[in-house]
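1. give me a 3D structure for the following:
(chains A, B and C)
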Amino acid sequence: MSISKRIQLEHIFDLLYQRFGKRHWWPADSPFEVVIGAVLTQNTAWKNVEKAIANLKQAQMLSPEKLYREPVSGIANLIRPSGFYNQKAKRLKLVAAYITETWNGDMDAMCRKETGALRNELLSINGIGKETADSILLYACNKPVFVVDSYTHRVFSRHGMAAEEAGYDEIQELFMDNLDHGTRLFNEYHALIVELAKTFCKTKPLCDRCPLSDLPRVTV
DNA sequence: CACCAGGCAAGTA
DNA sequence: TACTTGCATGGT
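-> As a prediction, the model looks like this:
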């Protein structure tokens, strides 16, 4: 291994960016809609999340206060297409309660809190794990946090940049310790990894095509 | 038909 | 700490 991880990570980003272009993430009309989407997409295809969000939108439920007031059964009925609807209805209500009670429903105010402290608060909410918390921090609050998902682990361990048995924190450190912290770069990088997976991981078993080798080469 | 999706929490050993 | 299981609809 001769080139630094920084160079490798930047190179892979360039390959992905040239192959897929700007992703325009997160697909949402408001910061709170990002929060909703982050919960609903847990172990669920985004296509189904879109249907659930459309239902919430039609029912005028896309505000912390409205969700907070709605009974769990009502929320569950609206988000049915996204799967795990009973569990996710409780989770949505809990996060809506947090934003309503702690921040008076003001996402901007919430996002002004120091990143590490806000992350810990989000993680203390039942139903908000590391990936969901980091997605909210990056895509709703525009904070420079790298979001790790199963694709990230798969692709970068497979390409020898992390241990197969590495956990979330270890993969996150790979990116955050070796790249300049920038909301813009972290936003784009994670979105590109997801696009990569959508494109090459359709065929089972998981990512057997080792997709980076199929991308156009770039001289660094 | 089987398998998995932009995870998380709770239970067990 | 390290596994295992439940959650559940919809696409391929």
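2. CA atoms for contacts and neighbours, from now on please.
-> OK.
3. for the most centrally placed residue in chain A, which non-adjacent residue is closest in space?
-> By Cα atoms, centre = their mean, chain A has its centre lying nearest to A:Ser135, at 3.8 Å. Leaving aside its chain neighbours, A:Ser135 sits nearest to A:Val147 (6.0 Å; criterion: Cα to Cα, 6 or more residues apart in numbering).
4. then A:Leu78?
-> A:Asn55 (5.6 Å).
5. okay, and that neighbour sits in which element?
-> Counting by DSSP states H and E, the element that carries A:Asn55 is helix A:46-58.
6. what is that helix packed up against?
-> Where contact means 3 or more Cα pairs under 8 Å, 6 or more residues apart in numbering; DSSP states H and E, helix A:46-58 is packed against helix A:31-40, helix A:72-78.
7. of all those, which one is nearest DNA strand B?
-> With Cα to the nearest atom of the strand as the measure, helix A:31-40 is the member of the helices and strands packed on helix A:46-58 nearest DNA strand B (6.0 Å).
8. before we move on, back to that, any chance of a markdown table for the helices and strands packed on helix A:46-58, columns mean neighbour count, distance to A:Gln60 and mean pLDDT?
-> Putting the helices and strands packed on helix A:46-58 into a markdown table (neighbours: other Cα atoms under 10 Å; distance: least, Cα to Cα, whole Å; pLDDT from 0 to 100) gives the following:
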| stretch | mean neighbour count | distance to A:Gln60 | mean pLDDT |
| --- | --- | --- | --- |
| helix A:31-40 | 23 | 12 | 98 |
| helix A:72-78 | 18 | 11 | 98 |
